[in-house]
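Student: Please find the sequence and the predicted model below.
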2 protein chains.
Amino acid sequence: MLKKNKSKEKILQKALELFNGKGFTNVSIRLIAAELNISHSNLIYHYKTKNDIATALHNELLGKAIALNKQAVTYTDFIEGLFESTKKGFEILYEYRFLMIDLNFILKENEALKTVFLEVEKIRAKMYENVVQNAVKQGDLRNELYPGEYRFFIDHIKIFSDSWIVSSQIYYTDLTKKVIIDLYADLFIKMWFPYLTEKGKEKFFRIIS
Amino acid sequence: MLKKNKSKEKILQKALELFNGKGFTNVSIRLIAAELNISHSNLIYHYKTKNDIATALHNELLGKAIALNKQAVTYTDFIEGLFESTKKGFEILYEYRFLMIDLNFILKENEALKTVFLEVEKIRAKMYENVVQNAVKQGDLRNELYPGEYRFFIDHIKIFSDSWIVSSQIYYTDLTKKVIIDLYADLFIKMWFPYLTEKGKEKFFRIIS
DNA sequence: ATAACTTTAGACCAAATGTACTAAAAAATT
DNA sequence: AATTTTTTAGTACATTTGGTCTAAAGTTAT
């Protein structure tokens, strides 16, 4: 018999693997148990429902995202920080991609997780606002050309952040993890380009090449 | 007993209503039949599987989208055309929103529909390429600032087009159809702004106000 | 009106799933 | 060593779902 924590960890690990591979809706408690060679009633003992597993995995993701954020503050240069933290953030998200792929479905029947998710979104938006403000001050991003321009831009990038994984699942089923992340991180960064100042654009081209 | 075509139409109509309201995965053949007060075996007689219904509804959507496209060609002014056709396009898509909300899931188990979908995507990309080229020629969009800039921009707007409905489902469950469409059509149009020339921006502000 | 067809309902089956209950095995505590 | 708590497997049940088969009812064509 495994120790309590080891069991729970193993369950989460296998569930994550199956959710990512087969989609959240196509994985039953019984399947996860079978893959672990334990009885399904045993699994239920640890996690009452599939939603509890999803919530636990979301907490894992959250922990990693927060850790990354703390680290990201240390970047002094905006453009450099954008490149680095985008890629790392995308990697973490991809590890838990089932959450984004089946986001709608999961949130619909998991009110608690939905509340957390919306809270995180607010924080994320605030964070982007700060990044933009600082970049404008530092002269890497230009000023707004009409009121609220950056508010709309942040909406754009939030939508992109929420959906690039789904997009990759539809259009690039056969590509490897690394290629997909590089592709979409690159695409994400290029959303910022038209808002850069001349100085910002110079830096941008220097890093690209 | 209803005439053949009437029956099929009624089934599609009710299925669309249920798919949009409860999500594709949460609606069974039996539920659709029950809501229509017919036996499920009768429904199966008309449509063998749920996927067949999804395919039929996708065909409906496709028909309407093609009709809109033909109409859209008549706009002489780029900015005006952008505003008009975006809104109309978004309205059509919203009518069949379950297709976008559960896109991943549906395409995963409907190979035929996936093929069609990817074909349509290619056409859509070509269409956007033409729109951009013409707008550049007419002096409403600026030239590329680096090679492939508009290719990436088209990727951006494709991702947005595929995912704004999912986004609306998560963030704005309580808003009405009209408000949601206005909100996201506006957001979509604002993605184009930074690529406009001075002349284009002037037109943009004139229409906005 | 009769025959051929289309459409419909009902009964039945098998598989999958969530859930509850019980008892045994293992681990921890005293 | 004995007791208590935690973990585990097994069984059984109800529900949902997709699917098949059959026979009846309705429609159309001859």
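Tutor: Happy to help now that I have it.
Student: what sits up against the strand or helix carrying A:L18?
Tutor: Assigned by DSSP states H and E, A:L18 falls within helix A:4-22. Contacts to helix A:4-22, defined as Cβ atoms under 8 Å, 6 or more residues apart in numbering or on different chains, come from residues A:2, A:27, A:31-32, A:35-36, A:43, A:46-47, A:53-54, A:56-57, A:60, A:95-98, A:102. Any C-beta I mention is one placed from the backbone N, CA and C, and that applies to glycine too.
Student: I'd like to know how many residues surround A:N143.
Tutor: A:N143: 9 surrounding residues under other Cβ atoms under 10 Å in any protein chain shown.
Student: just for chain A, where's the confidence low?
Tutor: Along chain A, the model assigns pLDDT under 70 to residues A:1-5, A:73.
Student: Going along the chain, name the helices of chain A.
Tutor: For chain A, the helices defined by DSSP state H cover A:4-22, A:29-35, A:40-46, A:50-72, A:78-95, A:97-101, A:103-108, A:111-137, A:149-171, A:177-192, A:198-208.
Student: how about those helices in CSV, adding mean neighbour count and distance to B:K14?
Tutor: Shown next, in CSV, are those (neighbours: other Cβ atoms under 10 Å in any protein chain shown; distance: least, Cβ to Cβ, whole Å):
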stretch, mean neighbour count, distance to B:K14
helix A:4-22, 16, 30
helix A:29-35, 16, 32
helix A:40-46, 15, 36
helix A:50-72, 16, 29
helix A:78-95, 18, 37
helix A:97-101, 21, 28
helix A:103-108, 20, 21
helix A:111-137, 14, 28
helix A:149-171, 19, 27
helix A:177-192, 18, 38
helix A:198-208, 15, 52
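Student: I'd like the ones you listed as a markdown table, with distance to DNA strand D appended.
Tutor: Formatted as a markdown table, the helices of chain A follow (distance: least, Cβ to the nearest atom of the strand, whole Å):
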| stretch | distance to DNA strand D |
| --- | --- |
| helix A:4-22 | 3 |
| helix A:29-35 | 7 |
| helix A:40-46 | 3 |
| helix A:50-72 | 14 |
| helix A:78-95 | 25 |
| helix A:97-101 | 21 |
| helix A:103-108 | 14 |
| helix A:111-137 | 21 |
| helix A:149-171 | 22 |
| helix A:177-192 | 31 |
| helix A:198-208 | 49 |
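Student: Could I get those helices in a markdown table, plus columns for distance to B:K178?
Tutor: Below are the helices of chain A laid out as a markdown table (distance: least, Cβ to Cβ, whole Å):
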| stretch | distance to B:K178 |
| --- | --- |
| helix A:4-22 | 36 |
| helix A:29-35 | 41 |
| helix A:40-46 | 45 |
| helix A:50-72 | 33 |
| helix A:78-95 | 33 |
| helix A:97-101 | 28 |
| helix A:103-108 | 21 |
| helix A:111-137 | 23 |
| helix A:149-171 | 19 |
| helix A:177-192 | 28 |
| helix A:198-208 | 38 |
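Student: Quick one: residues contacting A:A56.
Tutor: Neighbouring residues of A:A56 by Cβ under 8 Å, 6+ apart: A:8, A:12, A:47.
Student: Spit out the contact partners of the closest residue in space to A:Y75 that isn't next to it in sequence.
Tutor: For A:Y75, ignoring the flanking residues on the chain, the nearest one in space by Cβ to Cβ, 6 or more residues apart in numbering or on different chains is A:G81 at 3.0 Å. Going by Cβ under 8 Å, 6+ apart, A:G81 touches A:72, A:75, A:131.
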